[in-house]
Structures are given as structure tokens and as C-alpha cells.
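Undergrad: Build the 3D model from these lines:
(chains A and B, ligands or ions: 2)
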Amino acid sequence: MSETNNFDYRIPLQNGLIAGVVALSVSVIGMVTLLAQRYLIAGWLTLGQVILFMAPAAMSYLAAGKAPQNNRGIALIYGFLTGLISALPLVALILLNEVIDLRQFLPNVSPALIEILTFGRGTVAGSLFLIIVTSVLGLVAAGLYLLPDRIRRPIFSGLIWTFFFGMFSEILSDRLRTFFGTDFAKLIIESKALRPVVAVTIFIVTASLSVLWSRRGDKVKGRMAKMDTKSQNRMRYGLIIFGITLMLILPLLLGTYLSEVMNMILIFALMGFGLNIVVGFAGLLDLGYVAFFAIGAYTMGVLTSTGDLGVAGMSFWLAIPICVAVSMLGGLLLGMPVLRMRGDYLAIVTLGFGEIIRILVLSDLLKPYIGGAQGLLKINKPVIVGIPLIKPDQFYYVALAGCLIAAFISYRLSQARLGRQWMAIREDEDVAEAMGIRLVNTKLLAFAIGAAFAGLAGAIFASKLTSIFPHSFNLLISINVLCMIIVGGMGSLPGVILGALALVGLPELLREFAEFRLLMYGIVLIVMMLAKPEGLWPSAIRKRELHVHDNEDYEDYPEAMAPRAETRDPGLEGPSHL
Amino acid sequence: MAMLEVQDIHAYYGNIQALNGISLTVEEGEIVTLIGANGAGKTSTLRTISGLLPPRKGKITLEGEDLLKYKAHEIVYKRVAMVPEGRGIFARLTVAENLDMGAFSRDDKDGIEEDRERVYELFPRMKERITQVAGTLSGGEQQMLATGRALMTHPRLLLMDEPSMGLAPVLVESIFETIQEINKEGTTILLVEQNATMALSVADRGYVVQTGEIVLHDTAANLQQNEMVQKAYLGID
Ligand SMILES: Nc1ncnc2c1ncn2[C@@H]1O[C@H](COP(=O)(O)OP(=O)(O)O)[C@@H](O)[C@H]1O
Ligand SMILES: [Mg+2]
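TA: Numbers count the residues shown, from 1 in each chain, chains lettered A, B, ... in the order given. Ligands and ions are numbered 1, 2, ... in the order given. Model (predicted):
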């Protein structure tokens, strides 16, 4: 880079153009228009606008960070210019659209989009207004960067929480109506968006809470650490009881729709726990994980269906252990030939296996037994003491039980001898073997347990839907579960839950996104990997791995490049110390 | 009877032949070194002994017992341990956890504790760094840890693959001192090295490998005097 204390025009230019191109892209592909239909703050802010101005704000913030240190003026100017420049591609779009009808080439450049971009003020005034808005935004973002951490942090958490509540205002409104009546709900929510006063209140409250927590949080933690073990235990039990109670009454709080979403989250989390054992614990990249989900689901279907294809008309509870066993067997059968392979080969072979199962399910060969494309219908629901668990808020308890069992088994395994064996294999297969660990058996166990969890998830899934079709068991499920555990944090059990909430729960709640779901998905993954590669809730071991990289200059050098690296080691003085 | 007897081993990676009739013996209590250039087949020889590379032809016996009938994970129960090339420590585990992994095959608690103490005596630095994550150790310390972990299996025969690789001269010397110390305490050692000077200075006997074959075999002292060895491996003209 250039001299440290000078204004460098390339920084705002570069950042501004990047932001401008991103803003242009989200506009041209129709995202802004579509999402503009959803208001976050009634009459003030739409989701479309957030998407549109996200990049300019972020790039201005980053530009301010590239300014010479201690030169606030330049930082502000960088932010301002970045914002200004980022509007130019959009303005070009608006003006060009005046001259030629861009809609012939870009179907999404609709009058509605232009209306949004110009804030309904006509071409010239609107363009100017747009430039002013992004410039001010850039200036504000840069100003935010310059604020000290203790002020910036609360502002960020305030913004994020307000955004969060805004996103879910429709559901929030529904819940408020149920618990506090229509009048109260209307006080908070206006036509599916937060009232401005409410938005400001949420911002102030969450920001203040964040301030409080950063001031008092350490003290509270310190006080807790100082408590004697007896009260610590009491506290722990209190938390556990609170957690269990919350889990039990959750469907009452959530209502039917959210319970349904929660059921999907739990089913995916259950699969996540399984894949976490295979990939996170044992380090075996399995891309065909959906196969075991399908095996579990179809086994449940065949065993319990009361339709033409049902063979046994079994009850859900009787069928469950059989589904788990069959999937586990599937895991063993697939595992035996493929687990001798390593890394990439394993990934490809499992990928193939996933496809084979999907094609088999669709095939004419198995059609007489499992229905082919017509699917398998009339699958039994679980019945407890004569009550069929039909509604989502009843079925919730089945999914929850499955998930808790998987979490418990995962936790115990991670602490057990087997967990250590997996860890060793993941780190170095040859050395693990030389330490006396049976490679193939240990891997097979991981595979089989992972498959069993997926089978359980599949069985619950089939019973939840009561009918299953081959297209539900595609590669995307495997990818989705894998992304879930990456985003949550490889090998981390709380991470699995967080990953499921983020990658299954959120999309389920953002149905307008459907069209752009994969795009959003990709963006979230990239941002995640850049910002927090260890995942939302990394396991203790993963944290260490990053610690290893942090200490790179202390670590071993490639010897050819730094032959005397050893002697620089501060702790090593000579042979007498060995 | 020799402790380890390797007879006419032929080993392949797919179709690539790595070993073309290697034979060697190691007597109890000895340090035997296997020297040779890069790619000569030193690592492959150790891999066949430790069960990681089953040979196509040949015989390996440990105190008369056929070793080839055991799989890699069973060799440790025959009390043969390997310190792999490039150390192969578990980078994300701590020093203590790495040593624990070494004792994975054992359940004699007292014996394990004894060996742990022995490792810490041999490498006081490891004791200082018990809770440190192994990946953050320096190269020399990683070599100590890999050696310590192998000792935790309580081996009679220790296979070491280029322990001096990539270490600064001072550290190389101390590593070789340690090797002698381990040997004095009763562990037989088969030492693979490119650093022939150091290896021959601590070994009793040596073998020279070239392209998968043993081309020379003698006492270490004689090899040090051998013209061909001096020229090719000791850098003496
Ligand atoms: N994994 C492998 N795949 C194919 N060839 C290998 C592999 N490992 C070693 N070789 C070949 O086997 C021969 C012996 O290698 P190696 O035993 O590693 O030699 P050294 O340890 O003496 O440097 C070399 O020609 C090498 O290229
Ligand atoms: Mg080698």
C-alpha cells in the first residue's frame, strides 16, 4: 500500500464500486423489488432497502478502517466518498432506463424497482436523493467505525435486534394477539411491521442491555465463580430445570405454525448430531448422508402405512427401533467397502451412494413396494395412551425426544474412549493405527451411529408428513446438514442446534426468500467463513486449532525457508536442557 | 535369535516398487541405523515393519514370531513403536493428551504412570508444557513429544524415522543424545536417517539403502571408514 498518512483515492473508489456493483446486482436480479414488499418498520424501512443499502454501508465501514490511523478526517471522507460512489451504478441504471427500456434485457428492471431506487421522486430529483442517502449512510458508517468499541458494540446489537424483531413482526404479532389480545398486538405491530416507536424502543432497550452486560457481565461471572460449589450446583440445577420446563412448554408459547417450524429444526438437528459424529468427530466427509435419512423414512413408511403399500400396519413406536436398525445396517454395508478410502475419495463415493438410493427409490424396480414417484402414503402417526399426536404442537414432543437422545448419546461418546479414538483418527490415521486403534472398525462405528441418527430422523420425518416422495430425499439435504454443522461449529453439540436454527429455522420463516434462498445461503456461508470460520459455537478443540494458527510465527517454519528457526525459539537454549 | 529379522522384503505402492529385497537384522539392545538418500526406501522399510505397508514378498519376524500376520493396530501389542517421519503429533491435542494417546493400548495404570514420569525425566521441557497445544510447540519440541508418545507404548523396539529432519544442529545433537539414553535404558532402536554422520556416531551397526536395496552392511565404525560411504553420505572426499 502507499504511504500511511496520505489520502488515497483508490480506497473509496474501489470500495464504492464494489458496493455499487453489489447494490446494482441485487436490484437487477429482482431481490430488492421482491423484498420491498416486506416492511420492517411500518412506513419507514423495507427489507428490500436493507438489502439494497447493506453493501454501501458495509463497504464504507471497511473503507474507514483503511484510513491512516488517528486521522479521523480521512476516515470520514473515505466513508462519505465510498457511499457516494456506490450510488453511481444505480444512478446509471436509472438514467439509462430513461433512454432505453431496459426491461427487454433485464426483466426485473421494473417501474417498481425504479420507484424504489428514486424514492418515488422522479428521475433527476430521485437520483440526487439516492446519492445523498448513500453518501450520508457512508458517512454514518464511517462514523460508527470511529466510535470506541464500548459504544459501537451496543449500537450494533441494538441494530441487529431491531432488525431481528422487524423480520419476525408478522409472527410476533400473531403471538402477541394470542397472549395479550388484538388491541395490544396492534399497539406494537402495524400492518405486519414494527411501529416506528416500537422499533426505537427495541433499539434503545437492547442497546442498553448490551451496555449493561458488558459492564456487569464480568462481575456477574466473577461472582458466580466465587460461589461455593453448593450454590453453584443449585444454580446449575436451577438452570437445567428451567431449560427442561422451557422445552416442555415451548409449543404452547410457539403456537401451531412455529411448532411446525420447530419440528423441522429438531429433525434436522437430529440429523446434524449424526453427521457431526461422522464428520465432526471422526473426520469422514460423507456427502451422501441423505441416504440414511431416506432409508429410515421409507422403512417407517413400509412398516406403518395403512395404505396399499403398507405391509405390517405396525405402530409408530414398534417401527422406530426397526427403522434405526435398518439404517444402521445400511451404514455398515456402505461403510465396509468405502471406509478404506481417504478424504476426497470417500466424499465422492458417499455422494454416489446418496444418488443411488434416491434413484432406487424412484425406480420401477422398487415401485411395487415403495410407490416410486407416487410416493408412499398414509403413514402412521405416533399414538400415546390412545391420543394420536397429529398436531404439530403435539408431534413436537416426539421430535424433541429424538433430538435429546441423539444429543445425549453424542455427548457421552465424545467423552468416552471411542471419542478419543475418533479424534486420533481425524488427526492422523497412521499414527492412530500405530497407537493400537483399529481404523476400519472405529470408522465403521462412526458411520453406523451417524446412519442410525439419520434413520431416526427419517422415521420421524415420514410420520410427521404421513406421506413421503422421492424428491424429498435429494442431495440438498446432505449439503444442508453439512452446512449446518459447519456454520454451527464442527464437532460442537450446541453448534448443531445453532446451525439448525440458522439454516433451517430462518429460511422456513422467510418464505419470500424462497426464490433467492440458495443465493442467500451462499452469501451467509461465505460471510460466515470469512468472519467466523470456527463456527457460531466452536468446540473446545476447534478453538485450539485456531489458536495454533494464531501462533504461527512461534510454530515450526518450513525448514528449507528458515533453516535456523529452531535457534530462534525463545525457550530453547541448548542440548543440556533436553 | 535376532530380535527383529527382515528377510528379502519387496513392497509396492500400487505398481511402483519401493523395496526390492531388503534384508536386515536387529539384535536386542542395539542401535541399528538405516542410512540412504531421499527416496531410497527407508520410510517404506519402517512402514512394512509397523504393518502400514504390507509387503508383497518376504518375511519379518520378531523374536522368531511372524510379524506380518499382525495388522498395523496390533503391532503395538508386540511392543514395537514408531516415531513417524515429520513427527505426526496430534496438533490439536495438548502435550499431556498426546502422551495419553500413546498409552491408548495399555490398561496397566501404574506402568503408564511410570512411563510418563520417565518421559518427563527424559524431556523436562514436556513437563513444563503439559497443557500446551502440541501444534504450537517448536519443531524440536514436537520431535520430543513424538518420541515421548512412542515411549508411552512401552516398546521394546523403537522405530525412528529421521528424528533430526529439519532441526538446527544444536538440537540434532541433543536428539541423538536422547536416543542413546533411551537405548541405555533398555530399548532397542532401529534408526532411519539421512544425517549419516550423526547416525553412525551413535549406532552399533548400519545398513546403507539405495533404490530399495541394501547395498552395504557393517559395523558403524567400519562404515564410517568406508570410502563409498564417506563419499556419498558423509561428505568426505
Ligand atoms: N505413498 C506413496 N505412493 C507412491 N510411491 C511412494 C509413496 N511413498 C513413497 N513412495 C516411493 O517409494 C520410494 C521409497 O520412498 P521412501 O520409503 O519414502 O524413501 P525414503 O524414506 O528413503 O526417503 C520412493 O521412490 C518414493 O517415491
Ligand atoms: Mg523417508
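Undergrad: residues contacting A:Tyr257?
TA: Counting by CB atoms under 8 Å, 6 or more residues apart in numbering or on different chains, A:Tyr257 makes contact with A:171, A:174, A:392. For every residue, glycine as well, the C-beta is placed using N, CA and C.
Undergrad: low-confidence ranges in the chain?
TA: Answering for chain A, as no chain was given. Confidence mapping of chain A against pLDDT under 70 gives the ranges A:1-5, A:512, A:545-578.
Undergrad: wait, chain B
TA: Ranges of chain B meeting pLDDT under 70: B:237.
Undergrad: rerun that using 90 as the cut-off
TA: By pLDDT under 90, the low-scoring segments of chain B are B:1, B:85-88, B:91-93, B:135, B:139, B:165-171, B:226-237.
Undergrad: one step back: where helices are concerned, which of the contacts of A:Tyr257 count?
TA: Residues of the contacts of A:Tyr257 located in helices (DSSP state H): A:171, A:174, A:392.
Undergrad: just checking, A:Glu170 touches A:Lys192?
TA: Yes. Contact status for A:Glu170 versus A:Lys192: in contact at 4.7 Å, counting by CB atoms under 8 Å.
Undergrad: ok, A:Arg420 - how many residues close by?
TA: If you count neighbours by other CB atoms under 10 Å in any protein chain shown, A:Arg420 ends up with 18.
Undergrad: buried sites along the host helix or strand of it?
TA: Using DSSP states H and E, A:Arg420 maps to helix A:417-427. For helix A:417-427, burial by neighbour count (16 or more other CB atoms under 10 Å in any protein chain shown) applies to A:418-427.
Undergrad: What helices and strands are in contact with that helix?
TA: Using 3 or more CB pairs under 8 Å, 6 or more residues apart in numbering or on different chains; DSSP states H and E, the elements in contact with helix A:417-427 are helix A:429-434, helix A:439-465, helix B:95-102.
Undergrad: buried residues in the next helix or strand after the longest one?
TA: Later in the chain than helix A:439-465, the nearest helix or strand by DSSP H and E is helix A:475-488. Buried residues in helix A:475-488, counting neighbours by 16+ other CB under 10 Å, are found at A:477-478, A:480-488.
Undergrad: So which residues make contact with stretch A:59-76?
TA: Identification of contacts with stretch A:59-76 by CB under 8 Å, 6+ apart yields A:4-7, A:11-12, A:15-16, A:18-19, A:78-83, A:86, A:137-139, A:141-146.
Undergrad: got the phi/psi numbers for B:Ile16?
TA: B:Ile16 adopts backbone torsions of phi -80, psi 120, taken as degrees, to the nearest 10.
Undergrad: ditto for B:Leu4
TA: B:Leu4 adopts backbone torsions of phi -120, psi 130, taken as degrees, to the nearest 10.
Undergrad: Next, count neighbours for A:Gly120.
TA: 11.
Undergrad: same deal with A:Ile160?
TA: Residues lying near A:Ile160 (other CB under 10 Å) number 13.
Undergrad: Where does it fall, secondary structure wise?
TA: Using DSSP H and E, the element containing A:Ile160 is helix A:149-167.
Undergrad: Export that helix to PDB, keeping only CA atoms.
TA: C-alpha atoms of helix A:149-167 as PDB (Å, rounded to 0.1, in the frame of the first residue of the first chain):
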ATOM      1  CA  ASP A 149     -15.700  -0.200  20.900                       C
ATOM      2  CA  ARG A 150     -17.800   0.200  24.000                       C
ATOM      3  CA  ILE A 151     -20.300   2.500  22.200                       C
ATOM      4  CA  ARG A 152     -20.200   0.800  18.800                       C
ATOM      5  CA  ARG A 153     -20.900  -2.600  20.200                       C
ATOM      6  CA  PRO A 154     -24.300  -1.700  21.800                       C
ATOM      7  CA  ILE A 155     -25.300   0.200  18.700                       C
ATOM      8  CA  PHE A 156     -24.600  -2.900  16.600                       C
ATOM      9  CA  SER A 157     -26.500  -5.200  18.900                       C
ATOM     10  CA  GLY A 158     -29.400  -2.700  19.000                       C
ATOM     11  CA  LEU A 159     -29.500  -2.600  15.200                       C
ATOM     12  CA  ILE A 160     -29.300  -6.400  14.900                       C
ATOM     13  CA  TRP A 161     -32.000  -7.000  17.400                       C
ATOM     14  CA  THR A 162     -34.300  -4.400  15.900                       C
ATOM     15  CA  PHE A 163     -33.700  -5.900  12.500                       C
ATOM     16  CA  PHE A 164     -34.500  -9.400  14.000                       C
ATOM     17  CA  PHE A 165     -37.800  -8.200  15.600                       C
ATOM     18  CA  GLY A 166     -38.700  -6.400  12.400                       C
ATOM     19  CA  MET A 167     -38.100  -9.600  10.300                       C
END
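Undergrad: Give me the helices and strands touching it, please.
TA: strand A:39-41, helix A:123-146, strand A:193-194, helix A:196-226.
Undergrad: To ligand 2, which of these lies closest?
TA: helix A:196-226 (50.1 Å; CB to the ion).
Undergrad: And the contacts of stretch A:131-141?
TA: Defining contact as CB under 8 Å, 6+ apart, one finds that stretch A:131-141 is touched by A:16, A:53, A:56-58, A:60-61, A:63-64, A:76, A:79-84, A:86-88, A:91, A:119.
Undergrad: Can you give me the separation between A:Val109 and chain B?
TA: Look at A:Val109 and chain B: by CB to the nearest CB, to the nearest Å, they are 51 Å apart.
Undergrad: Just give the nearest non-adjacent residue to that residue, would you?
TA: A:Leu102 (4.4 Å; CB to CB, 6 or more residues apart in numbering or on different chains).
Undergrad: Please apply the same query to B:Phe104.
TA: A:Met435 (4.7 Å).
Undergrad: What residues does the one you found make contact with?
TA: Per CB under 8 Å, 6+ apart, neighbours of A:Met435: A:424, B:73, B:76, B:101-102, B:104-105, B:149, B:153.
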